[in-house]
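In: structure, please.
(chains A and B)
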Amino acid sequence: GDSVTQMEGPVTLSEEAFLTINCTYTATGYPSLFWYVQYPGEGLQLLLKATKADDKGSNKGFEATYRKETTSFHLEKGSVQVSDSAVYFCALILNSGNTPLVFGKGTRLSVIA
Amino acid sequence: DTGVSQNPRHKITKRGQNVTFRCDPISEHNRLYWYRQTLGQGPEFLTYFQNEAQLEKSRLLSDRFSAERPKGSFSTLEIQRTEQGDSAMYLCASSLDSGVVFFGPGTRLTVL
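Out: Numbers count the residues shown, from 1 in each chain, chains lettered A, B, ... in the order given. Sure, this is the predicted structure:
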């Protein structure tokens, strides 16, 4: 079946450090890929997305590139801030459109000043 | 606020009781999803509707769980004879066809 695997956390970084959160996927069809973020005490929010191979999604300084050859969608940010502390979820949905979002287990990021 | 709303936000119940949660999706969205999230895990799919039709149900959705979306607008999720293992955050989400999925704040259920 379809699945998403994320690097396990928690990840603890100092402010202004470089962030990478790895995400790989297995899909029976051709997926769109997403990163969602969950800030403390809040609901899931879409952070960025990519719908086809080689697309780059970006938002709030975060980026992720859809790599079909490595079935990956790694999340990166050049300089993290304390306010980026949250749980990040990688997810996919098949472009056939009749299946629900499938999530990874999430990676907790803590950024310290 | 025109986002997805869920009520109640918190529910504490005793084992064996029935509970019902409500979700109001974004108004023009035809798809509505229910997920469950436990501590340290990603959201797990339970079921989804396209308009009023329930199109898919996860194997996670035991016979004690039932969901409805009678007029293709709001939805309810009922859990009968609750068990301690049902304690979780229940998330509702909606989308327009297979577009971006927007999530509500969730209903946290605690079964004592």
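In: residues from chain B in reach of chain A?
Out: Within chain B, the positions adjacent to chain A are B:33, B:40-45, B:48, B:55-56, B:91, B:93, B:97-98, B:100-106 by C-beta under 8 Å from any C-beta of the partner chain. Quick note: C-beta positions are derived from backbone N, CA and C, even for glycine.
In: how about residue A:27: what's its closest non-neighbour residue?
Out: Once flanking residues are discounted, residue A:27 sits nearest to residue A:2: 5.0 Å by C-beta to C-beta, 6 or more residues apart in numbering or on different chains.
In: what about the chain, any weak spots by pLDDT?
Out: As the question left the chain open, I've gone with chain A. Across chain A, the ranges flagged by pLDDT under 70 are A:97.
In: ah, no, chain B please
Out: B:1.
In: now do 80
Out: B:1-2, B:98 (pLDDT under 80).
In: so where do the strands sit in it?
Out: Counting by DSSP state E, one finds strands in chain B at the ranges B:5-7, B:10-13, B:19-24, B:31-37, B:44-50, B:53-57, B:65-68, B:75-79, B:88-95, B:102-103, B:107-111.
In: what number of residues lie near residue A:86?
Out: Counted by other C-beta atoms under 10 Å in any protein chain shown, the residues lying close to residue A:86 total 20.
In: ok now stretch A:7-23, how far from the chain's centre?
Out: 12 Å (C-alpha atoms, centre = their mean, to the nearest Å).
In: list the buried residues for that stretch?
Out: Using 16 or more other C-beta atoms under 10 Å in any protein chain shown as the test for burial, stretch A:7-23 gives A:7, A:9, A:11, A:13, A:19, A:21-23.
In: and it, is it in reach of chain B?
Out: No. Applying C-beta under 8 Å from any C-beta, one finds stretch A:7-23 out of contact with chain B, separated by at least 9.4 Å.
In: just the CA atoms of that stretch, as CSV, please.
Out: The C-alpha trace of stretch A:7-23 is given here as CSV (Å, rounded to 0.1, in the frame of the first residue of the first chain):
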residue,chain,number,x,y,z
MET,A,7,13.2,10.5,9.9
GLU,A,8,12.5,10.0,13.6
GLY,A,9,12.8,12.9,15.9
PRO,A,10,13.0,14.8,18.0
VAL,A,11,15.4,17.1,16.2
THR,A,12,16.9,19.8,18.3
LEU,A,13,18.7,22.7,16.6
SER,A,14,20.1,26.1,17.5
GLU,A,15,18.6,29.2,16.0
GLU,A,16,20.0,29.9,12.5
ALA,A,17,21.0,26.3,11.9
PHE,A,18,20.3,24.4,8.7
LEU,A,19,17.4,22.0,8.8
THR,A,20,16.7,18.8,6.9
ILE,A,21,13.9,16.4,7.6
ASN,A,22,14.0,13.4,5.4
CYS,A,23,10.9,11.9,3.8
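In: can you tell me what sits against it?
Out: With contacts defined as C-beta atoms under 8 Å, 6 or more residues apart in numbering or on different chains, stretch A:7-23 is touched by A:4-6, A:33, A:35, A:64, A:72-82, A:84, A:87-88, A:90, A:104-113.
In: setting aside sequence neighbours, what's the nearest residue to the residue nearest to the spatial centre of chain B?
Out: With distances taken as C-alpha atoms, centre = their mean, residue B:34 lies nearest the centre of chain B, 3.6 Å away. Among residues not flanking residue B:34 along the chain, residue B:46 sits closest, at 4.3 Å (C-beta to C-beta, 6+ apart).
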